[in-house]
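Any chance you can model this:
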Amino acid sequence: MKTRSIQYIPSESPPKIAIVTPYYLPVSSGIEVYIAELVNQLKKKYSITIYASGCGPRYYDGVSVRRYRSLDCQFLTFQHKLAYPFPFMMYRDLMTDEIDLINAHGHEVFTSYLAALAAKKRRIPLVLTVHSLGVAYTENALVRLIRTVLDPSMIKLTVRSAESVIAVNRSVRDYVHKYKPKRVTVIYHGVDNKKFYRSYCCKGPVAFVGRLIPTKAPDIFIRAIPKVLKEIETNFLVVGGGPLLKGLIALAKKLGVLDRLKFTGEIDHEQVASVLRNSSVVVAYVGGLVLLEAMAMMKPVVTLRSSWSEEIAGNAAYYVRPGDPDGTASAILSLLKNPNLSRSLAENGFNRITKEFSWETVSKKYEEVFSRLIETSKSPEKENIEVE
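Numbers count the residues shown, from 1 in each chain. From the prediction side, this is the model:
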């Protein structure tokens with residue numbers, strides 16, 4: 001009996017990538033926008049399918065989107081609305097669809113757990129993108145209790161199942177190491193420079209941009225407004241939706257600043273560029289993508305001093321302490337009263353963005369990770385087959 005070596009010939013069709021996420025556009029928050037911008041680049045080389053919960057179009061910008069009905073905690077009668085879906089039927093399609101690699105987004109979410117189970121069962125590579133330090137909603141006692149169970153079980157399994165973990169900055173990389181992942185690569189956010197272009201403006205409202213949840217601290221911004229108005233007349237914007245909206249409107253009314261403050265509610269990402277373009281100062285205490293987009297548009301930014309924000313903004317931000325309305329008011333006043341300082345920070349931010357951040361760079365780094373894992377998953381390239 002002879003042994004003949006068979007050489008595998010790579011398929012001419014592009015590799016099939018499954019992008020797994022809790023939600024997808026038109027639902028618009030930082031992660032959905034990140035994925036959409038990434039997919040816009042990756043679809044040039046790969047066949048992409050999005051797997052997400054909720055309703056919406058089956059095709060978005062030329063990409064197939066599979067959407068699933070789910071049990072979603074944000075629609076339950078909890079005091080804090082947790083955007084956390086359980087689309088159980090997603091697992092069925094992840095197990096049966098033709099897929100070469102799965103890229104799941106978010107380490108804490110059930111959708112990534114389903115992706116990890118499917119990838120492990122099918123022995124196809126999983127790339128997990130971690131976007132945060134895992135602090136969302138932890139001010140809620142119930143969430144903290146649940147995390148004591150999920151951290152060493154579901155979340156740990158999800159992270160360890162990934163052949164490669166992508167962290168959006170070094171702070172996230174350091175955080176995720178506690179789960180002992182196989183491999184971690186830092187790939188920063190990108191910015192669409194065609195949409196978020198240089199547009200310095202020393203007039204216009206002071207804008208807070210971010211989801212209206214406790215970790216974003218929109219109440220601190222509103223409490224700073226009366227202190228600013230004592231010294232200078234200007235207008236303010238709160239840009240974003242979320243469970244705190246009604247309470248924040250009530251707070252603004254109580255403080256007597258509602259006539260100077262506009263709440264936009266939830267807006268799509270296209271409108272964010274217009275809002276930023278017409279703003280004089282942008283406040284985002286906790287936010288990666290918002291800071292980058294504001295810097296790309298040459299806006300002075302106010303943010304919390306943390307390893308995360310300093311890594312992103314460097315010398316292009318006015319840093320304040322957490323929970324400090326006086327500090328926020330002082331920062332806003334300094335920027336409004338000192339055009340040279342405002343312009344200097346704005347130029348620092350713009351120069352930093354143009355040198356270090358772009359979606360083309362981000363997608364190329366993703367492609368390096370994907371190509372390596374897909375190639376490895378198909379090895380050995382030769383299979384010994386016994387023939388007569």
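
For Ala317, give me the backbone phi and psi.
Backbone dihedrals for Ala317, given as degrees, to the nearest 10, come out at phi -140, psi 160.

That one: how many residues sit nearby?
Number of residues near Ala317 (other Cβ atoms under 10 Å) recorded here: 25. In this view, the C-beta of every residue, glycine as well, is placed from N, C-alpha and C.

which residues does it bridge with?
Beta-bridge pairing for Ala317 (DSSP bridges): Val301.

any low-confidence regions in this protein?
Flagging of the chain using pLDDT under 70 yields the residue ranges 1-11, 28, 74-83, 136-140, 380-388.

Show me where the stretch 1-150 of the chain has its helices.
Read by DSSP state H, counting those that start in this stretch, the stretch 1-150 of the chain holds these helices, from start to end of the chain: 30-42, 90-96, 110-122, 141-150.

The stretch 251-388 of the chain now?
So, for the stretch 251-388 of the chain - with DSSP H, counting those that start in this stretch - the helices run 269-277, 288-296, 307-313, 325-337, 339-356, 359-377.

How about stretch 240-251, which residues are buried there?
Along stretch 240-251, the positions that meet the burial threshold by neighbour count (16 or more other Cβ atoms under 10 Å) are 240-245, 248, 251.

what's the most distant pair in those?
Across the buried residues of stretch 240-251, no pair lies farther apart than Gly241 and Leu251, at 16.2 Å, counting by Cβ to Cβ.

that older thread, can you tell me which of the helices of the stretch 251-388 of the chain is nearest to Val257?
Closest of these to Val257 is helix 325-337, at 11.9 Å (criterion: Cβ to Cβ).

For that closest one, which residues meet the burial criterion?
325, 327-333, 335-336.

can you check stretch 357-371 too?
Of the residues in stretch 357-371, those with enough neighbours to count as buried (16+ other Cβ under 10 Å) are 357-359, 362-363, 366, 369-370.

Nearest to Ala115 among these?
When those are compared against Ala115 (criterion: Cβ to Cβ), the nearest one is Phe370, at 14.8 Å.

Identify the residue spatially nearest to the closest one, adjacent ones excluded.
Nearest residue to Phe370 in three dimensions, chain neighbours excluded: Leu101, at 5.8 Å (Cβ to Cβ, 6 or more residues apart in numbering).

Near the one you found, how many other residues are there?
Residues contacting Leu101 under the criterion other Cβ under 10 Å number 23.

who's in contact with it?
15-18, 124-127, 370, 373-374, 377 (Cβ atoms under 8 Å, 6 or more residues apart in numbering).

Switch those residues over to TSV; also include distance to Leu133.
Written out in TSV, the entries for the contacts of Leu101 read as follows (distance: Cβ to Cβ, whole Å):
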residue	distance to Leu133
Pro15	31
Lys16	32
Ile17	26
Ala18	26
Ile124	28
Pro125	25
Leu126	21
Val127	20
Phe370	25
Leu373	25
Ile374	30
Ser377	30
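
Just the buried residues from these, in PyMOL please.
For selection in PyMOL, the members of the contacts of Leu101 meeting the burial criterion (16+ other Cβ under 10 Å) are listed in this command:
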select buried, resi 15+16+17+18+124+125+126+127+370+373+374
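
Out of the contacts of Leu101, which is nearest to Ile50?
Ile50 has its nearest neighbour among these in Ala18, at 8.2 Å by Cβ to Cβ.

is it true that the closest one touches Thr49?
Yes. With contact defined as Cβ atoms under 8 Å, Ala18 and Thr49 form a contacting pair (5.6 Å).

Overlap of the contact sets of these two?
Taking Cβ under 8 Å, 6+ apart as the contact rule, the neighbours common to Ala18 and Thr49 are 97, 99.

tell me the domain ranges of this structure?
Here the domain assignment for the chain is 2-190+358-387, 206-356, based on automatic domain parsing.

Pick the most deeply packed of those domains.
Comparing the domains of the chain on average neighbours per residue, with mean count of other Cβ atoms under 10 Å, the densest one is domain 206-356 at a mean of 19.

Need the distance between the two termini of that one.
Between the opening and closing residues of domain 206-356 there is a gap of 26 Å (Cα to Cα, to the nearest Å).

from the middle of its chain, how far away would that domain be?
Here the centre of domain 206-356 is set off from its chain's centre by 18 Å, with Cα atoms, centre = their mean, to the nearest Å.

Kindly report the same for stretch 180-192.
Going by Cα atoms, centre = their mean, the spacing between the C-alpha centre of stretch 180-192 and its chain's C-alpha centre is 12 Å.

same check, this time on stretch 108-124
Once both centres are worked out by Cα atoms, centre = their mean, stretch 108-124 turns out to sit 20 Å from its chain's centre.

list the contacts for Leu42?
With Cβ under 8 Å, 6+ apart as the criterion, the residues that contact Leu42 are 17, 48, 363, 366-367.

now do Lys203
The contact partners of Lys203, taken as Cβ under 8 Å, 6+ apart, are Ser280.

wait, is it part of a strand?
No. Counting by DSSP: H, G, I helix; E, B strand; the rest coil, Lys203 falls outside a strand, being coil.

State the distance from it to Asn193.
Between Lys203 and Asn193 the distance is 24 Å, computed by Cβ to Cβ, to the nearest Å.

and if you look at Ser358?
7 Å.

hang on, the earlier thing: Val369 versus the residue nearest to Phe370, what's the distance?
Going from Leu101 to Val369 by Cβ to Cβ gives 9 Å.
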